[in-house]
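>>> based on what follows, work out the 3D shape:
(one chain, ligands or ions: 1)
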Amino acid sequence: MAKIGIGMIGLGGAGGWGHFPGYTDIPEEAKIVALCDNVPARTEAKARMTGAKAYTEYEKLLADPDVEAVDITLPHYLHARVALAAIEAGKHVIVEKPFTITVEEADSVISAAKRKGVKLMVAENTRFVEAYEVARKMLDQDLIGRICYAEAYIGGSEIPRLRDPNSWNGKVSLAGGGVVMDSAVHSFYLLRWMVGKMKTVSAFTTKFMDELPIDTETNAVAIFKFENGALGHVANSETTEHPWTEQMQLIGVNGSLVVDMLAERPLQLYSTKRKSSNVTMGWSPYGSSSWEEPFIYHSGLEWKSRSMKKEVQHFVRCIAQDTQPLVSGEDGREDVRVAVKTYESVKTGRPVDIY
Ligand SMILES: NC(=O)c1ccc[n+]([C@@H]2O[C@H](COP(=O)([O-])OP(=O)(O)OC[C@H]3O[C@@H](n4cnc5c(N)ncnc54)[C@H](O)[C@@H]3O)[C@@H](O)[C@H]2O)c1
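Alright, predicted model coming up:
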């Protein structure tokens, strides 16, 4: 099988520990042929390890004919600019979340990719987290009935990064926002995938630690009405001390699904619909309900990097097999749109219609 030639732009956190090993783990299918970071020390060892060329200017990587597909893990303000340049150079593109920092930028990247006929994928790792994949299958089997309420939480500590005055995080001009743009977009994707389109948002944010040299919010709560009548909320914090983690609860009329990435078994199902469970039986007004904790290969510290590897491997296979990526530019645009509306609600102090 021909190997896809990958050019990676940005070898900091996400590029370095998330995407890079995703490609090197599938040497039969992908070869990293070029690396670019404006800090040369971030590419040197990886270039030696893979035999890739190392650049400090992304324009040079984009001019390299060996590069068929470009992986962008850069500060947010560069996403649209570099994605557009890569598409114009005829490369397939995977770009980290948030896809862009405005809806207009998202539109221009989507239409450029269509015009040039290249693959465009947003690196939304949420779609590749096993616990969520299994939860989605349980919803497809109608195990919890109609969802009336949904919540998603993402939290951890970004305090060291936010304390650094040289960091791009914490600056609206470079990051497009704070925890909403950086983290909540994952939760927006997740709840859209699990529940459906959000219709209205009402949100609050705070910059929780006044001493941080930042002009972005560190904590956010957004309450949603969904198009299908469900209610829900998304909560995000960058100022808490536990391993970076996520939680989700979906409450349906016949049961509920609970995800806790710090638990050994990250997914629990309570359902009046599945009677064959070999686990515990509980009580509900409708009779007995089953309680299951399906086995999922899981580590509280590794689930994120595993999902990031899976996402870039999916991108490679979409190119090789000429199929559409599971997370499209339109998906990324939708999450940016919800983020923009969330900020509008914070600013106006009122609920804002998303549609
Ligand atoms: N999916 C996830 O869970 C997840 C996790 C972390 C980060 N991310 C995303 O990944 C992206 C990068 O975040 P990060 O935490 O890796 O940031 P980072 O600061 O650690 O890495 C960014 C890299 O880009 C390089 N860079 C900056 N400007 C450049 C330029 N003009 N040309 C070449 N290189 C340049 C920097 O030197 C740095 O090495 C962001 O979009 C972020 O939201 C996603």
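>>> check contacts around K119.
For K119, the contacting residues are 69, 92-93, 113, 315, 318-319, 324-325, by CB atoms under 8 Å, 6 or more residues apart in numbering. Every residue, glycine included, has its C-beta placed from N, CA and C.
>>> indicate the residue of this protein located nearest to the ligand.
Residue of the chain nearest the ligand, by CB to the nearest ligand atom: G12 (2.0 Å).
>>> can you verify my assumption that that residue contacts D37?
Yes. Contact criterion CB atoms under 8 Å: G12 and D37 qualify, at 7.2 Å.
>>> give me the more crowded residue out of these two.
Between G12 and D37, counted using other CB atoms under 10 Å, D37 has the larger neighbour count: 23 against 14.
>>> coming back round to it: contacting residues for the residue of the chain closest to the ligand?
Residues in contact with G12 (CB under 8 Å, 6+ apart) are 37, 42, 73.
>>> how near is it to T218?
Shown here: G12 relative to T218, a distance of 20 Å by CB to CB, to the nearest Å.
>>> ok, G90 next?
Applying CB to CB, the value for G90 to T218 is 40 Å.
>>> first vs last residue of stretch 71-87, how far apart are they?
With CA to CA, to the nearest Å as the measure, stretch 71-87 spans 12 Å from end to end.
>>> helix or strand: which one has the closest residue to G229 other than its chain neighbours?
Distances taken as CB to CB, 6 or more residues apart in numbering place C148 nearest to G229, at 7.7 Å, with adjacent residues excluded. Counting by DSSP states H and E, the element that carries C148 is strand 147-155.
>>> tell me which strands that strand pairs with, and in which orientation.
strand 231-237 (parallel), strand 245-252 (antiparallel) (DSSP bridges).
>>> let's have those in JSON lines, adding distance to the ligand and mean pLDDT.
Shown next, in JSON lines, are the strands paired with strand 147-155 (distance: least, CB to the nearest ligand atom, whole Å; pLDDT from 0 to 100):
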{"stretch": "strand 231-237", "distance to the ligand": "13", "mean pLDDT": "98"}
{"stretch": "strand 245-252", "distance to the ligand": "10", "mean pLDDT": "98"}
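>>> need those in a markdown table with mean neighbour count, can you?
Converted to a markdown table, the strands paired with strand 147-155 look like this (neighbours: other CB atoms under 10 Å):
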| stretch | mean neighbour count |
| --- | --- |
| strand 231-237 | 22 |
| strand 245-252 | 21 |
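>>> quick check: Q313 touching P27?
No. Using CB under 8 Å, Q313 is not in contact with P27, being 11.7 Å away.
>>> neighbour count winner among these two?
Neighbours per residue (other CB under 10 Å) separate Q313 from P27, with Q313 holding more: 17 against 11.
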